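> return atomic coordinates for the entry below.
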Amino acid sequence: MDVTGANWRTSTYSGTNGGSCVEVADNLRGVVLVRDTKDRDGGTLLFGQRSWRSFVTLVKQQAPTR
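Below you'll find the model as predicted:
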């Protein structure tokens with residue numbers, strides 16, 4: 001899959017300390033991409049949009065309030 005048009009954004013939960021940061025690209029049709037900001041060439045996870053929405057919903061239900 002060609003991901004050259006991916007618009008990456010850093011998770012708002014990543015913080016600014018350079019620690020465990022995650023980037024997400026959700027502008028490509030039908031998929032959501034996830035990668036580690038410390039190793040951008042190390043691999044990319046690909047999720048279907050429905051699976052990604054389910055994952056995010058579950059995380060929000062389990063996460064403590066900020």
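> switch to C-alpha atoms for all contacts and neighbour counts from now on
Noted.
> quick one: mean pLDDT for stretch 39-58?
On average, the pLDDT along stretch 39-58 is 92.
> quote the end-to-end distance of it.
Criterion C-alpha to C-alpha, to the nearest Å; first-to-last residue distance in stretch 39-58 is 26 Å.
> what's around the closest residue to Gln49 other than its chain neighbours, how many residues?
Computed as C-alpha to C-alpha, 6 or more residues apart in numbering, the closest residue to Gln49 that is not its neighbour in sequence is Val31, at 5.2 Å. Neighbour count of Val31, defined by other C-alpha atoms under 10 Å: 15.
> look up phi and psi at Val31.
phi -140, psi 160 (degrees, to the nearest 10).
> need the per-residue pLDDT for it.
For Val31, pLDDT reads 95.
> need the contact list for it.
The contact partners of Val31, taken as C-alpha atoms under 8 Å, 6 or more residues apart in numbering, are Leu46, Phe47, Gly48, Gln49.
> what helix or strand is the closest residue in space to Gly43 that isn't next to it in sequence on?
Sequence neighbours aside, Arg35 is the residue nearest to Gly43 in space, at 6.6 Å (criterion: C-alpha to C-alpha, 6+ apart). Assigned by DSSP states H and E, Arg35 belongs to strand 31-36.
> just confirm Val56 is within a helix.
Yes. Val56 forms part of a helix when assessed by DSSP: H, G, I helix; E, B strand; the rest coil.
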